[in-house]
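> please work out how this folds:
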Amino acid sequence: MDLTPTGARASITPPAEHFTGRVRQDPIVDAPQPARVRAAFVTFEPRARTAWHTHPLGQTLHVISGQGLFQTEGEKIRVIRPGDTIWIPPGERHWHGAGPDTAMCHLAIHEALNGKHIDWERHVTDAEYDGEMA
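Numbering: from 1, shown residues only. The predicted structure is shown next:
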């Protein structure tokens, strides 16, 4: 067993090449092999968002606070709120982040395939972010 006390892990500012705006990650678990799970709280300031990306084994997002946006390629942008849980299948191209006027925090959970958790792509443009919502 490995117990990590509250506050033992520092918050992380993720690389700007994968995010737009102010984002903070608070790691929960990055399990050693043979386990493959990784989980973190991710907090987005208003209008902050991920770049387009996919996950080789999928991803689960659970919204903790605020109001955010989520989009799968080819679909309308969805508003996400506290208590919402999203399952993103393996290889599904998507992005997620805060709403235009509110911060948003979600729990992000995904697994690695051959050591890889995520495949990053290009930034979501302002025009895409401001696109049509469902």
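
> just the residues contacting stretch 12-30, thanks.
Stretch 12-30 is contacted by residues 9, 11, 37-51, 53, 97-98, 107, 120, 123-124, 129 when judged by Cβ atoms under 8 Å, 6 or more residues apart in numbering. For glycine as for every other residue, the C-beta is placed from the backbone atoms N, C-alpha and C.

> make it 6 Å
Contacts to stretch 12-30, defined as Cβ atoms under 6 Å, 6 or more residues apart in numbering, come from residues 9, 11, 38-45, 47-51, 120, 123.

> state the mean pLDDT of it.
Stretch 12-30 comes out with an average pLDDT of 96.

> buried set for that stretch?
19, 20, 23, 24, 25 (16 or more other Cβ atoms under 10 Å).

> pLDDT of stretch 54-64, averaged?
The average pLDDT within stretch 54-64 is 98.

> run the chain-centre distance for it.
Chain-centre distance of stretch 54-64: 7 Å, with Cα atoms, centre = their mean, to the nearest Å.

> the chain: strands as residue ranges?
Remark: strands assigned in the chain by DSSP state E are 19-20, 23-30, 37-44, 49-50, 53-54, 59-66, 68-72, 78-80, 85-88, 94-98, 104-111, 119-120.

> out of those, which is closest to residue 3?
Residue 3 sits nearest to strand 23-30 of all the strands of the chain, at 11.7 Å, using Cβ to Cβ.

> put the alpha carbons of that closest one into CSV.
This file holds the C-alpha atoms of strand 23-30, laid out as CSV (Å, rounded to 0.1, in the frame of the first residue of the first chain):
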residue,chain,number,x,y,z
VAL,A,23,-5.1,25.4,-16.3
ARG,A,24,-4.0,23.6,-13.1
GLN,A,25,-3.7,19.9,-12.6
ASP,A,26,-3.7,18.3,-9.2
PRO,A,27,-2.5,14.7,-9.5
ILE,A,28,-4.4,12.0,-7.6
VAL,A,29,-2.7,8.8,-8.9
ASP,A,30,-0.2,7.8,-11.5
